[in-house]
Each structure stands twice: as structure tokens, then as C-alpha cells.
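J.: build me a structure from this.
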Amino acid sequence: MVTVIAVSGSCLAQTANYDVTIIADGKALDLSQGIPASTKTIELTGQRTQKDLQQDSQLKPDVLIQKATLTLARDTKKICAINWPGKASIANLFKEAKVGDRLMIQFEDVELQTKQGQTQKIDDSKLVQLTIKE
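T.: Take a look at the predicted model:
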């Protein structure tokens, strides 16, 4: 199961709607199917939605995810958290994981890029929640 909260971001006078792709151990995840407890590596990417691309063609389609916090939770308790990208290994986070736990990914520093290469920070954050599976 996946829950996405705050699905849009804003950048100054602009609004950016984007989808997140999570690649675990080299394979793109189906967010509705959860994430394996055996996960060792994770990559986060973002792409603007088709509707957003139609509204503003001056921005590149990729969203730059600079920072996120990954939190492992069990019931209502926070088990552990790491910053992404960072020095802590995702494998260390998943050592504590049990089937049924939740991985919450809070996107904290996300930017849009113009076709001229200038970046603009998105002020709103996005939260993706995944269920840990076998």
C-alpha cells in the first residue's frame, strides 16, 4: 500500500505537480506493492506530470531531488531514520525492518530546472509511504 500526501509543490509563482519513481536494488518499484524488506540500495527520481508539462514548457521534465528523509515506522513508533543521500546506508535502515512496517519518504529539498539550467526550489514537500513486504 502506498500513501502520497501533498502531491503538489509550489515554486515562487509556479505550481509543480510531479510523480516519484523509487528504484530499489536496481528495479523500479510499483508503489502500490510496497518495498521488499531485503532492500539494500534506493534511488529516488521525480518527473513532472503530463498536465504540468503542458502548463509550463520552459521547465525540464525531471525534478531534482536533492534531499529526503527515510523513516522506518512500526505501528505508531519511529524505529529509525536516515537522510538521503547521505553517509548512512539504506541497508542499515532495513536491518531493523519487519514485514508490515512502513517506510516513509519525506522529500525535503526538491528543485525544478529551467531549460537554461537555472534551478528553482519547490517549497511544498511530498510524503510517500510504503509498506514493507517480504
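J.: mean confidence score for the helix or strand encompassing residue 81?
T.: If you go by DSSP states H and E, residue 81 is part of strand 77-84. For strand 77-84, the mean pLDDT works out to 94.
J.: buried sites along the helix or strand following it?
T.: Sequence order places helix 90-95 as the next helix or strand after strand 77-84, per DSSP H and E. Neighbour-count burial for helix 90-95, counted by 16 or more other Cβ atoms under 10 Å, picks out 90, 93-94. C-beta: built from backbone N, CA, C; applies to glycine.
J.: how about stretch 50-62?
T.: 52, 59-60.
J.: for the helix or strand hosting residue 63, packing partners?
T.: Using DSSP H and E, residue 63 sits in strand 62-74. On a contact count with 3 or more Cβ pairs under 8 Å, 6 or more residues apart in numbering; DSSP states H and E, strand 62-74 meets strand 14-24, strand 42-48, strand 77-84, helix 90-95, strand 102-113.
J.: which residues does that strand contact?
T.: Residues outside strand 62-74 that contact it (Cβ atoms under 8 Å, 6 or more residues apart in numbering): 16, 18, 20, 42, 44-48, 78-85, 90, 93-94, 96-98, 100-113, 119, 122, 132.
J.: could you find the closest non-adjacent residue to residue 68?
T.: residue 84 (4.6 Å; Cβ to Cβ, 6 or more residues apart in numbering).
J.: residues touching that neighbour, list them.
T.: 42, 44, 67-70, 90, 105.
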